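J.: got a structure for you, letters missing:
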């Protein structure tokens, strides 16, 4: 058995505990009996809240995990002969054990990315394949927000991507396991980042932002769609998701306990949720948690950069709650005795390594500062 580490981990926001308000909501939902499979008061209130936050026609389907949310969403949007255009580093492409292919029968069409982001030109390159029966038909564009490399699509870039996709007859899905972090970083509402940007279906994350277990598939309202084809895709997805959720083993019998968590994060119906600005730490729990995690990542990056010299070098923009940096392998190994984190890639030389450091809703400033101090000690040998 290894010696216990002295600092909390920076390995993943999935390592963090559930927020006390989420646990309290689950405990409150545990009072007595309720109809199973989503026909309960908590899920009914979640439906109302999702319509308030994302638009009057939006539908919410609680599921068990993020991979399941992605598989259900993409399968609902794509025909059997369809393909899904994704970033080469997207979670759905690299970290879901082929679930979209194995479970959904989909073909993923990976685009080379820069800092995790793809461009409208990347999407447009698939246009020539639309009518070729020898190739997968590009039917869906799936974007990760924030990306796997901790970057964020600005609103104007997101709108440009959805516009190109819809012009090509493609539906648009967003893997929003860290959608809250992206919205907090941009100082915008969840609706601005989804419905108003032309997104059709969202995998809405909770576990990485203070939830305990569960996410949701959101099908956005047809009346809010940018064109008739997008509206038809949303209507088809609305009909397909309930059946796919069951067929892919994502329908929880006691759905109320997932819905209660999402309500704790989004707020009960009638809760004010607009007026969010960049850097604000007020508002609904989803925003407070995400804004804090983002702020801690910015603090961590600044602390590491303040160490001076070339020993620690940031490798990606820090736009949400992730910090990527290279440092000597020997120093990384010494630092790992203090706090757990993941190696991400080889560094620019054999004796260096790129690491990923994730901050969470409960990461304390003192923990960040202690980690930076430990990094200084590790670099000193």
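T.: Received, thanks. These numbers were taken from a predicted model, which means no experiment stands behind them. Numbers count the residues shown, from 1 in each chain.

J.: grab the nearest non-local neighbour of residue 226.
T.: Nearest residue to residue 226 in three dimensions, chain neighbours excluded: residue 198, at 4.8 Å (C-beta to C-beta, 6 or more residues apart in numbering). To be clear about C-beta, it is placed using only N, CA and C from the backbone, and glycine gets the same treatment.

J.: what do you get for residue 232?
T.: If the residues on either side of it in the chain are set aside, residue 232 comes closest to residue 222, at 7.8 Å by C-beta to C-beta, 6+ apart.

J.: what sits against the one you found?
T.: When contacts are counted by C-beta atoms under 8 Å, 6 or more residues apart in numbering, residue 222 touches 57, 231, 232, 234, 235, 238.

J.: which one of the residues you listed is nearest residue 128?
T.: Nearest to residue 128 among the contacts of residue 222, counting by C-beta to C-beta, is residue 232 at 23.6 Å.

J.: now for the helix or strand encompassing that closest one, which elements pack on it?
T.: Using DSSP states H and E, residue 232 sits in helix 228-247. Applying 3 or more C-beta pairs under 8 Å, 6 or more residues apart in numbering; DSSP states H and E, we find helix 228-247 packed against strand 59-63, helix 66-77, strand 171-176, strand 215-219.

J.: who touches that helix?
T.: Residues outside helix 228-247 that contact it (C-beta under 8 Å, 6+ apart) are 57, 59, 61, 63, 72-73, 75-77, 166, 169, 171-172, 198, 200-201, 217, 219-223, 225, 250-251.

J.: next one: stretch 5-24
T.: 178, 207-212, 261, 264-265, 285, 289, 293, 300, 321, 337-342, 357-363, 367, 370-371, 374.

J.: can you put the helices and strands packed on helix 228-247 in TSV and add distance to residue 183, mean neighbour count and mean pLDDT?
T.: Rendered in TSV, the data for the helices and strands packed on helix 228-247 read as follows (distance: least, C-beta to C-beta, whole Å; neighbours: other C-beta atoms under 10 Å; pLDDT from 0 to 100):
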stretch	distance to residue 183	mean neighbour count	mean pLDDT
strand 59-63	17	26	99
helix 66-77	17	28	98
strand 171-176	9	29	98
strand 215-219	14	27	99
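
J.: report the residue ranges of every domain in this structure.
T.: Partitioning the chain according to the TED database yields domains covering residues 21-266, 285-380.

J.: just how off-centre is the first one within its chain?
T.: Read it as domain 21-266. Here domain 21-266 is found 9 Å from its chain centre; the criterion is C-alpha atoms, centre = their mean, to the nearest Å.
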